[in-house]
Structure formats: structure tokens, C-alpha cells
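[1] predicted model follows, preceded by the sequence.
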Amino acid sequence: KNGLQVAIDGPASAGKSTVAKLVAKQFNYIYCDTGAMYRAVTLKTIRSGISLDNEKEISAIVRNSKITFAPDENGQKVFIDGDEITQDIRSENVTNSVSAVAAIADVRKQLSAQQQEIAKDGGIVMDGRDIGTAVLPRAEVKIFLIASVEERAKRRYKENIQKGINTPLEELQLEIEARDYKDSHRKISPLTKADDATEIDTTALSIEKVVSEIAKVINLKL
Ligand code: C5P
């Protein structure tokens with residue numbers, strides 16, 4: 001094995017991908033954004049005109065698609081069947097539809113298997129909702145990132161403004177709460193903190209501080 005498996009889970013907009021990318025860079029590990037995989041399937045489902053409750057067709061989409069990543073200065077680019085979808089998977093429509101797709105048993109089964117394959121040699125930072133509990137239950141490092149919903153809505157709001165999106169703060173907060181509720185209450189591998197995960201509340205912490213806290217946990221295991 002070339003390095004550890006680092007699992008970072010937590011609710012929406014807790015800063016997982018931002019810190020996961022920086023941690024991966026610091027240890028020269030691969031970064032894998034599993035949320036991007038669920039988003040990619042959701043985007044293709046919407047573009048194919050398939051209804052979000054059509055489990056059979058959505059499973060077939062996963063079976064017949066290839067989701068790939070390519071490193072990039074901002075983290076990574078995401079592709080489905082060779083088409084770049086890095087920006088498209090961040091749309092409000094995809095964001096508000098993804099939890100329904102992620103609740104489908106066969107979708108989770110297929111994507112989890114792909115994630116386990118990506119992580120099998122270690123040297124990886126993987127972020128998502130069920131990495132420490134279901135995808136990599138034996139990961140050497142498990143982090144559970146949380147932050148108040150007000151703070152998470154504010155972060156999302158700032159990101160959106162930079163992208164020219166003007167959804168009101170209150171609406172973002174409601175969307176985040178609705179998505180967390182769905183992700184925490186689905187039947188299969190819902191969002192929960194693994195018993196052996198280190199919880200970090202990022203509400204009042206800088207990005208640098210969160211990264212250094214995670215680096216400490218990793219260094220203890222190296
Ligand atoms: O991390 P991100 O917000 O991009 O994830 C999008 C959605 O993908 C989540 O709201 C959740 O429904 C789903 N997801 C999941 N399991 C993961 C990662 C993401 O169910 N490991």
C-alpha cells in the first residue's frame with residue numbers, strides 16, 4: 001500500500017471538498033469526490049429525460065456510463081462518457097435532485113464498488129457521506145466534518161455569488177436542510193458519523209486550521 005485511506009464525511013457544504021483537496025495535496029495523495037459521481041449520474045438522468053423515481057433506468061445509466069476524473073489546478077475535472085461536466089453537475093437542478101438518485105440501492109452498490117476500486121491501493125483522500133461507514137469501513141483515518149447550517153448556507157451563498165447565482169440565503173439554508181434530511185434518513189448507508197471517526201466542527205475554524213487538524217490525525221497513523 002502507498003499511503004493511507006483517508007475518509008472525510010459530513011453534511012452538505014461543511015467544507016469537505018475544499019479541505020480534502022488541500023489534505024491530498026499536502027500528503028501527495030489522490031483526491032476523490034464521491035458526491036461528483038452521484039451528481040454525474042443525476043445530470044445524465046435529467047438530460048436523458050428519465051424520471052427521478054425510475055430506479056431501473058437510472059441503474060442502467062450507471063451500468064452503461066463511465067465517470068472519470070482528471071487532475072486540474074482547482075482540484076479535478078469530471079467527465080461522463082468522455083464529456084466534461086465539471087460545472088454542469090453543480091447546477092441547482094442537479095443539487096436538488098441528487099439525493100433521490102443517491103437513495104437508489106443499485107446506484108449505491110455500483111458507485112461504491114467503483115469507489116473501493118479507486119481507493120484500494122491507499123494514498124487517497126475520499127470525501128462523501130458514507131465513506132467511513134460503508135465504502136471504506138477499514139480506512140485508517142476517518143474524519144466527520146460538521147458546521148452550523150447558518151454557516152454552511154453562508155458559505156454556499158458566497159460561492160454562488162462568485163458564480164453569478166443569486167439564490168437568497170434563506171432559500172439556500174432550506175435546501176441544505178432538506179438535502180441533509182434526505183441523506184440522513186435514506187434506507188441504505190445514510191449519512192452518519194462512524195464510531196471511530198474524529199469529528200471536527202468547522203463553524204468557527206479557518207480552512208487552514210481544519211486542514212492542519214486533519215493532518216495531525218493522519219500523522220499519528222503514519
Ligand atoms: O458532496 P456533494 O454535496 O457533492 O454530494 C451530492 C449528493 O450525493 C449528496 O447530497 C448525497 O445525496 C450524495 N452522496 C452520497 N454518498 C456519498 C457522496 C454523495 O449519497 N458518498
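    Sure thing, it's come through. Residues are numbered from 1 along each chain as shown.
[2] mind listing the strands in the protein by residue range?
    5-9, 30-33, 67-72, 75-80, 83-84, 124-128, 141-146, 198-201 (DSSP state E).
[3] which one of those lies closest to Tyr157?
    With C-beta to C-beta, the closest approach to Tyr157 among the strands of the chain belongs to strand 141-146: 18.5 Å. C-beta: built from backbone N, CA, C; applies to glycine.
[4] paired strands for that closest one, with orientation please.
    Neighbouring strands of strand 141-146 in its sheet, by DSSP bridges, are strand 5-9 (parallel), strand 198-201 (parallel).
[5] who's in contact with that strand?
    Contacts of strand 141-146 with the rest of the structure, by C-beta atoms under 8 Å, 6 or more residues apart in numbering, involve 4-11, 14-16, 19, 131-132, 193-194, 196-203, 210, 214, 217-218, 221.
[6] mind checking which of those residues are buried?
    By the neighbour-count criterion of 16 or more other C-beta atoms under 10 Å, those include these buried positions: 4-11, 14-16, 19, 131-132, 193-194, 197-198, 200, 202, 210, 214, 217-218.
[7] and the ligand, which of those contact it?
    Ile131 (C-beta under 6 Å from any ligand atom).
[8] just the ones of the buried ones among the contacts of strand 141-146 in helices?
    Secondary-structure check on those using DSSP state H: residues within helices are Lys16, Val19, Val210, Ile214, Val217, Ile218.
[9] what's around Gln87, how many residues?
    Here the number of neighbours of Gln87 (other C-beta atoms under 10 Å) works out to 10.
[10] again, but for Arg108
    Applying other C-beta under 10 Å, we find 21 other residues in the vicinity of Arg108.
[11] check Asp121 too.
    Per other C-beta under 10 Å, the neighbour tally for Asp121 reads 12.
[12] that one and Ala139, how far apart?
    Spatial separation of Asp121 from Ala139 under the definition C-beta to C-beta, to the nearest Å is 13 Å.
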